[in-house]
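In: Prediction below, plus the sequence it came from.
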Amino acid sequence: MTSAQASLAAPWLWAQTLAETFAAGLDPLGVGRRQRDARLARLLDASRAGSPFYRERLAALPATARPRLVDIAPVGKAELMGRFDDWATDRRITRAGVERFLSDPARLADAYLGEYLVWTSSGTSGEPGIFVQDAPSLAAFDALDALRLRGVGTGLAPLVPWNPAQRYAFVAATGGHFAGGASIERLRRIGAASIPPLLQWLAPVIRAYSVQTPLRELARQLQAWAPNVLITYPSCAAALAQQQSEGALHLKLAEVWVGGEQLSAEQRTRIRAAFGCALRNNYGASEFFSMAWECRHDHLHLNADWVIIEPVDDRLRPVPIGSPSHSVLLTNLANRVQPLLRYRLDDSLRFVAERCPCGSAFPVIEVQGRSDQTLVLRDARGRAVTLLPLALMTVIEEGAQVTQFQLLGTGPSALELRFEATQPDPAAAFGRARGALEAYLAQHGLANVTLAHGNAAPLRQPRSGKLMRVVDRRPAE
Ligand SMILES: [Zn+2]
């Protein structure tokens, strides 16, 4: 059985989830809250019944009534990954089994144990996490994409995001089992494998491209495909917008969907100006793929019927509405196979007190995390070459097996790599990273660029203290 079949094996589940999500969109403070409370109760029951890790954690609480969420001790990725084999409610799921499955890139979007989709985070905060998604979780993500991705969150005018008359180009990190790539490949397989003829058109209208492709080559490939919808990171969309403005690219886009990084005001302006089309911004993570969608007022609305987000300070105490958090505690109400209850996510965000003029009662959030920078370097002939932060991060993570690093652009053709003090054997790590980076730079025509090993401590974001992984420190040209 493929994951596509697994996720559609119960069409009633898909239809019911879509109907519930639609109803919550009409009445977030009534229907949406009741759904949230019922899902939380079900998640707590499933966690206590099926997960030895959570049974232990919840046993510490008074047994008299159902535990309150705030009484449950927060958990981090390292702890869950360390106790992976005690975590899932399906006791067949083991770290060794999942890692064997993930070691084969060709199994992207295959059904693990015949029923689960598996993806890994890219390790932006320490070691990569491994996340197993069950059918209810995938149905929830599908419903959120169908009803809210395109900014129609009141649910009054649902629009199917995937349309057979359009051509979709997905540009992202490839080569690993990442959430975006696995989700797109799953959709392609739904089209290729199942439920004919309903969704057979899906596979031929979606094409995936690697964000590591040199920008000029990527532009050439995209031009050949001529998509109507571009799906990628803000930094990549902005770099392609630049190509479009300069006349090197001539895409006629109906929509650009971005996610995976923070969208800056400057990127938003540039993308809209270059492509002259709608821009859909999404906030998600490997831990919950569709946390928030953006309305027509450019405000991110939290999917509070499916995910609980508690903004907290550096000691995990709640911060008031309106104040930026140090991190957040995430409770995923959709996935019961690998429960996430008060899971610490290192994003800084702020809940906005005012109601949005768009009319949706879903809370408005502003996300401050993830501000890595795009580097523009000069090749041997002085031409500008754009390097995207997510591509650089993937090259170093995959090629050198390190996650706690910082890459700085220090001159027109100079880079510096720093490591956290916790990095074991930094000289060996630098050697591995240099090998991977030099190959990547050469592909981009940047064999002239020098790479130094910096001994200073990595720079931090001034407010959140978070590690910035790609930093532009070149003097102004
Ligand atoms: Zn709004």
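Out: Ah, there it is. If you're wondering where the values come from, they're calculated on a predicted model, not measured in any experiment.
In: Give the burial count for the residue of the stretch 201-350 of the chain found nearest the ion, as a bare number.
Out: Residue of the stretch 201-350 of the chain nearest the ion, by C-beta to the ion: residue 295 (3.1 Å). (Each C-beta comes from the backbone N, C-alpha and C, glycine too.) Counted with other C-beta atoms under 10 Å, residues neighbouring residue 295 total 22.
In: So it versus residue 361, what's the distance?
Out: Residue 295 is 12 Å from residue 361, where distance means C-beta to C-beta, to the nearest Å.
In: same deal with residue 266?
Out: Counting by C-beta to C-beta, the gap from residue 266 to residue 361 is 30 Å.
In: Those two: who's more crowded?
Out: A side-by-side neighbour count of residue 266 and residue 361, using other C-beta under 10 Å, places residue 361 first with 19 against 10.
In: show me what contacts the nearest residue to the more buried one once chain neighbours are set aside?
Out: Spatial nearest neighbour of residue 361, chain neighbours left out: residue 28 (4.2 Å); criterion: C-beta to C-beta, 6 or more residues apart in numbering. Taking C-beta atoms under 8 Å, 6 or more residues apart in numbering as the criterion, residue 28 is in contact with 304, 305, 360, 361, 362.
In: Helices - which of those residues land there?
Out: Counting by DSSP state H, the contacts of residue 28 place none of their members in helices.
In: Pull up the residues of the stretch 251-400 of the chain that are close to the ion.
Out: Proximity of the stretch 251-400 of the chain to the ion, by C-beta under 5 Å from the ion, involves residues 295, 297, 299, 356, 358.
In: Does the fourth one touch residue 364 like I think?
Out: Yes. Look at residue 356 against residue 364 with C-beta atoms under 8 Å: they come within range, at 5.1 Å.
In: Give me the common contacts of these two.
Out: 299, 301.
In: Looking at those two, which is more packed in?
Out: residue 364 (22 against 19).
In: Run through the bridge partners of the more buried one.
Out: The partner list for residue 364 in beta bridges (DSSP bridges) reads residue 301, residue 352.
In: From residue 23, how far off is the closest residue to residue 18 other than its chain neighbours?
Out: The spatially closest residue to residue 18, leaving aside those adjacent along the chain, is residue 143, at 4.6 Å (C-beta to C-beta, 6+ apart). To residue 23, residue 143 is 11 Å away according to C-beta to C-beta.
In: The two: who's more crowded?
Out: Neighbour count, other C-beta under 10 Å: between residue 143 and residue 23, residue 143 has more, with 26 against 16.
In: where does the residue nearest the centre of the chain land in three-state SS?
Out: Computing the C-alpha centroid of the chain and ranking residues by C-alpha atoms, centre = their mean puts residue 285 first, at 3.7 Å. Secondary structure assignment for residue 285 (DSSP: H, G, I helix; E, B strand; the rest coil): coil.
In: and the nearest residue to it once chain neighbours are set aside, how many neighbours?
Out: For residue 285, ignoring the flanking residues on the chain, the nearest one in space by C-beta to C-beta, 6+ apart is residue 345 at 6.2 Å. For residue 345, the neighbour count with other C-beta under 10 Å is 21.
In: which residues does residue 345 bridge with?
Out: residue 328.
In: okay but it is in contact with residue 330, surely?
Out: Yes. Counting by C-beta under 8 Å, residue 330 is a contact partner of residue 345 at 5.0 Å.
In: Need the residues touching each of the two.
Out: 285, 287.
In: is the ion contacted by the strand or helix carrying residue 20?
Out: Here residue 20 sits within helix 11-26, counting by DSSP states H and E. No. Helix 11-26 stays clear of the ion (C-beta under 5 Å from the ion), getting no nearer than 12.1 Å.
In: Packing partners of that helix?
Out: With contacts taken as 3 or more C-beta pairs under 8 Å, 6 or more residues apart in numbering; DSSP states H and E, helix 11-26 sits against helix 33-50, helix 135-147.
In: Of all the residues in it, which ones are buried?
Out: 13, 14, 17, 18, 20, 21, 22, 23, 24, 25 (16 or more other C-beta atoms under 10 Å).
In: Contact partners for the first one?
Out: The reference is to residue 13. Contacts of residue 13 were listed using C-beta under 8 Å, 6+ apart, and they are 135, 136, 139.
In: need the helices for the stretch 201-350 of the chain, in chain order.
Out: Using DSSP state H, counting those that start in this stretch, the helices of the stretch 201-350 of the chain run over residues 202-205, 215-225, 234-245, 265-275.
In: Which one, of these, ends up nearest to residue 36?
Out: helix 234-245 (29.2 Å; C-beta to C-beta).
In: If you drop the residues flanking it in sequence, what lies closest to residue 470?
Out: residue 389 (3.9 Å).
In: All set, thanks.
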